[in-house]
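Asker: Okay, predicted coordinates and the sequence, questions at the end:
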Amino acid sequence: MSKLFKYLKPHAAKILLILLVLVIQAYSDLSLPGYTSDIVNVGIQQGGIDATVPEQIAGTDMDKLILFVHQDDQEKVLEAYELNDSEYDQEAYILKPGVREDDDKMDELTDILGMPMMMVSGFESGSDITDQMKEALFANMPAGTVNEDTSIFEVIRMIPAEQWEAMLDQIEDQLTDMPESITSQAATAYVKTAYENLGIDTDKIQINYILSTGVKMIGFAFLGMAASVLVGLMAARIGAQVGHELRRKVFKKVVGFSNSEFDTFSTASLITRSTNDIQQIQVLTAMMLRMVLYSPILALGGVYRVFQTNASMSWIIALAVAAILLVVILLFSIVMPKFRILQSMVDRLNLVTREILSGLPVIRAFSRERHEEERFDKANVDLTKTNLFVNRAMTFMMPVMTVIMNGVTVMIVWVGANGINDGQMQVGDMMAFITYAMQIIMSFLMICMISIMLPRAAVSAARVDEVLVSETLIHDPEKPEQLPEKISGTVKFDHVSFRYPNAEEDVLSDINFTALPGQTTAIIGSTGSGKSTLINLIPRFFDVTGGKVTIDDVDIRNITQHNLRDQLGYVPQKGILFSGTIESNIKYGNTGVSDEEMRRVAGVAQAADFIEAKSDKYDSHISQGGSNVSGGQRQRLSIARAIAKEPKIFIFDDSFSALDYKTDTTLRKALKEHTSDSTVIIVAQRISTILHAEQIIVLDEGNVVGIGTHKELLKSCDAYYQIAQSQLSEAELKNDMGEDEEKGGNSHE
């Protein structure tokens, strides 16, 4: 996880902005259930009346209401209203503006008038409780003082004030245990009746309330949608930037690898790390910013709203969360081990695929198609089985989560229905509670879904980080020296030894020779003698482990790799071309080469004939790796590319092996004329390629066993003589050694 967060650190400011937008989105999403509850509770059940005390009330209604208010509070109530006899067709009391805006005064009025409004509403509507009170009051009145037409309010006015105060206390004691929701609904019903008595259109109030609340819901819905789209866009951009940066860093790191690092990381593995692994990180980054940050905000907000709606049912949420965590822990214990090997299986599949595709001609030649199909199928089946296991685990999680969510809904409806029946909550509150519960559970579900992806992405992050933090053996010096602008090109091996990392013995031991400008230095030896390793030390594909390699007496380790390689024209044993055109490949090392010079170097490399024979000539397409040209043509184009660079030092690593004898001879003759002022180092297997070299280095098991010209080595170096004997006729050997037939042999025979 720390590695994933490390990649996000440069984008901290953008992530904070995303967090702010997510808070806005969560606020919008959490507001909608509350408005739904308001529409059901207030808009439908209460007729759009959300006032707990009447803002306007007829004088006659106020007279009835004030009867049920304690004498100490009657003055407070009357002071809150002002008398108005012009706005309505009857005398009315209107709540003063200052009181409406003062929450404390409104709360005080609600406490004072709550029970009186319920009592008046009950007496007027004829509820069971008020009917019992009415009968009791009528029974206690003196005979002849009341009749059937006498209202309860007239009876109350007849009762002495002190006696009525005592009765009010008794009534309040009886109603103390009554649920607050019933008191609130009764008060709302009274307010609606009071408005109707004044001639106010309550249907219009209801419609206006529902419309205004609906508009607010639509506004929050659009705000949440806009926030969601904005977060998705920003998260995707950050994810893409993280992927882009990682690919750039990995590519830059890999380009700087020496051959030793390529031995540590296989090509197939590096491709997987640069593509599949970084893609995993990129996708998870976008999802983390979109879901992982949002889920806790939504969950915490949902819990807060749940406690505001009905805290008595919060245990249902706790039970659901516990069940979800149990499922996730169980799945993790099963799935986690599979994630650790999943990416290595992708590596294996890529490796097998790459080997089969690159070696297809050999596979066909040896009729091994069936074997390779079986090898590919095994790698493919192993990966498929692991993926299926992981996907099945995720598939198992979804129905379990669905059961949990549906179970929570049923429990909320069951408990909520009992609460509604007991008058402890309203229908809208239960609807809002269900929505909040689903939002909380979905928040945990989103975190769980990310948690399933997280281990694989963490593995990918670790694999990418392995590449980024790997120590490159070839380094530029902190204070590099500079080669002169015009160097002579003298290459000197001074007691050079080399050993591969972690190897037990040297591959090259105490190599000493000097390659001079204007001369050709050839290196020859049996297979495995260290020829390619030796010349790979010059461009610093490896660094010497003993001694030093110098150019014009400057240790190549003391100059930058770029400065060093600018002086070299390197032609590898296997001609490597890049997708593009013949022109782009020849000009690869020197884009400033003119077309005329390009044709000239193509002629030197003996490539002009086959290029001119093509319909598009130098604009002819070259496929990836040069697969649409022959091996000899690839080698000649590679040689032309090196010549076009105009270096001071040429390195040919067995670069003439695919050429026929005639082309080889012609090319070397033309090359000799073109490189008369340059140092030429050639690794060769064929004696004919190096016959005329001014200096030949003979290697045997990493040691120099002979240095000299062709004729000198035939006489002085047994290893060279054995190579020559296997390639040249007896007559050629005798001629080269300067012997006549009468001597009848030499010491090598």
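Answerer: Received it, and whenever you're ready, just let me know what you need. Numbers count the residues shown, from 1 in each chain.

Asker: what about the helices in the stretch 151-300 of the chain?
Answerer: Here the stretch 151-300 of the chain has its helices, by DSSP state H, counting those that start in this stretch, at 152-158, 161-175, 180-197, 202-255, 259-264, 267-272, 278-287, 294-310.

Asker: Also the stretch 601-749 of the chain?
Answerer: 608-612, 631-644, 661-674, 687-690, 710-716, 718-727, 730-737.

Asker: So which of those helices is the most surrounded?
Answerer: helix 631-644 (a mean of 24; mean count of other C-beta atoms under 10 Å). Placement of C-beta: from N, CA and C, glycine included.

Asker: Spit out the contact partners of the nearest residue to residue 608 once chain neighbours are set aside.
Answerer: Spatially, and ignoring its direct neighbours in sequence, residue 608 is nearest to residue 602 (4.6 Å; C-beta to C-beta, 6 or more residues apart in numbering). The contact partners of residue 602, by C-beta atoms under 8 Å, 6 or more residues apart in numbering, come to 586, 608, 611, 618, 640.

Asker: Would you map out the domains in this structure?
Answerer: 36-210, 256-469, 486-567+649-749, 570-646 (automatic domain parsing).

Asker: Out of those, which gets nearest to residue 227?
Answerer: Evaluated over the domains of the chain, closeness to residue 227 peaks at domain 256-469, with 9.8 Å, by C-beta to C-beta.

Asker: Run through the helices of the stretch 451-600 of the chain in chain order.
Answerer: According to DSSP H, counting those that start in this stretch, the helices that the stretch 451-600 of the chain contains are 531-536, 561-565, 582-586, 595-604.

Asker: Quick one: these as a markdown table, columns for distance to residue 383 and mean pLDDT too.
Answerer: Below are the helices of the stretch 451-600 of the chain laid out as a markdown table (distance: least, C-beta to C-beta, whole Å; pLDDT from 0 to 100):
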| stretch | distance to residue 383 | mean pLDDT |
| --- | --- | --- |
| helix 531-536 | 35 | 86 |
| helix 561-565 | 38 | 85 |
| helix 582-586 | 37 | 87 |
| helix 595-604 | 46 | 87 |
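
Asker: nearest to residue 474, of those helices?
Answerer: helix 561-565 (6.8 Å).

Asker: can I get the CA coordinates of the closest one in CSV?
Answerer: Output of helix 561-565 as CSV, limited to C-alpha atoms (Å, rounded to 0.1, in the frame of the first residue of the first chain):
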residue,chain,number,x,y,z
GLN,A,561,27.8,7.0,-21.3
HIS,A,562,26.3,9.4,-23.8
ASN,A,563,29.7,11.0,-24.5
LEU,A,564,31.3,7.6,-24.8
ARG,A,565,28.7,6.1,-27.2
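
Asker: who's in contact with it?
Answerer: By C-beta under 8 Å, 6+ apart, the residues outside helix 561-565 that reach it are 474, 476, 480, 482, 483, 539, 540, 551, 556.

Asker: OK, contacts around residue 532?
Answerer: 573, 653, 654, 683.

Asker: related to what we said a few turns ago, comparing the helices of the stretch 151-300 of the chain by mean pLDDT, which bottoms out?
Answerer: In terms of average pLDDT, helix 259-264 trails the rest of the helices of the stretch 151-300 of the chain, at a mean of 69.

Asker: Which member of the contacts of residue 602 is positioned nearest residue 678?
Answerer: Nearest to residue 678 among the contacts of residue 602: residue 640, at 15.3 Å, using C-beta to C-beta.

Asker: Tell me how far the closest residue to the closest one other than its chain neighbours lies from residue 686.
Answerer: Distances taken as C-beta to C-beta, 6+ apart place residue 605 nearest to residue 640, at 3.8 Å, with adjacent residues excluded. Separation of residue 605 from residue 686 (C-beta to C-beta, to the nearest Å): 18 Å.

Asker: Show me which of these two is the more surrounded one.
Answerer: More crowded of residue 605 and residue 686, by other C-beta atoms under 10 Å: residue 605, with 26 against 16.
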